[in-house]
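In: Next input, structure requested:
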Amino acid sequence: MPAGLEQLNGWFTTWVEHEYHVRAHSSTGATPLQRWSTGTPRFTGAAQLDAAFLWEAIRTVAARTATIKFQGNVYETAPELAGQAVTIRYSPFDLAGIEVLHRGTSHGIAQPHTIRRHCHPKVKQAPQTAPAVTGIDYLQLLEDRRAAADGTAYSISYADLAPAAADRADHREASGDQ
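Out: So this is what the prediction gives:
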């Protein structure tokens, strides 16, 4: 166990700089540091990131009631979609809100009518079991590797990136915030 937050931050920095950033990823063949430095496109916001992980299914809207049945739940849709095959887009963790699309056009979020299941059955998590104790101190091995390095490796001090408490107080006083 770390003696404090400072030691934990030191271990994390050592792991990131001497293990994570320099080990090639099995899918890309490049290290995370190489991929980051090439400027690969990144998501611009939380909403776009959430949308990237939504699941989809195709359902037919009931002709008489303009409703969709999905995972034991019933949702009301726009009346003009009655009898049409639609695509629903949803988060498997929250089935209360599903987006309805017809021919690539969004028709908004379906109104929940009857909700019996709140998450997709495939979301069930396996019971957590404690890993077997090996007696190997992985973080100490990384720390030893870092200490043995010749010192030319680039090092980031995450503590130095955050403004000091006094600097934050000075900034608040200068801006008039209390």
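
In: Can you show me the helices along the chain?
Out: Using DSSP state H, the helices found in the chain span residues 5-15, 32-37, 46-52, 138-148, 158-161, 165-175.

In: quick one: which of those helices is nearest residue 67?
Out: Shortest distance between residue 67 and the helices of the chain, using CB to CB, is found for helix 46-52: 24.6 Å. Backbone N, C-alpha and C define where each C-beta goes, glycine included.

In: So in this structure, where's the weakest helix or strand by average pLDDT?
Out: Among the helical and strand segments of the chain, the one scoring lowest on mean pLDDT, DSSP states H and E is helix 165-175, with a mean of 56.

In: by contact count, what packs against the longest strand seen in the chain?
Out: Secondary structure assigned by DSSP state E gives strand 94-102 as the longest strand of the chain. The criterion is 3 or more CB pairs under 8 Å, 6 or more residues apart in numbering; DSSP states H and E, and the helices and strands that strand 94-102 contacts are strand 67-70, strand 73-76, strand 85-91, strand 105-109.

In: Quick check: mean pLDDT of it?
Out: Strand 94-102 comes out with an average pLDDT of 94.

In: partners of it in the sheet?
Out: Each strand that strand 94-102 pairs with, and the sense of that pairing, follows from DSSP bridges: strand 85-91 (antiparallel), strand 105-109 (antiparallel).

In: where are the low-confidence patches of the protein?
Out: Within the chain, the stretches with pLDDT under 70 are 40-43, 125-126, 150-178.

In: most remote residue from it's center?
Out: residue 64 (39.7 Å; CA atoms, centre = their mean).

In: contacting residues for that one?
Out: For residue 64, the set of contacting residues under the criterion of CB atoms under 8 Å, 6 or more residues apart in numbering consists of residue 82.

In: mind putting the strands paired with strand 94-102 in a markdown table, mean neighbour count and distance to residue 129 included?
Out: Below are those laid out as a markdown table (neighbours: other CB atoms under 10 Å; distance: least, CB to CB, whole Å):
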| stretch | mean neighbour count | distance to residue 129 |
| --- | --- | --- |
| strand 85-91 | 18 | 27 |
| strand 105-109 | 12 | 38 |
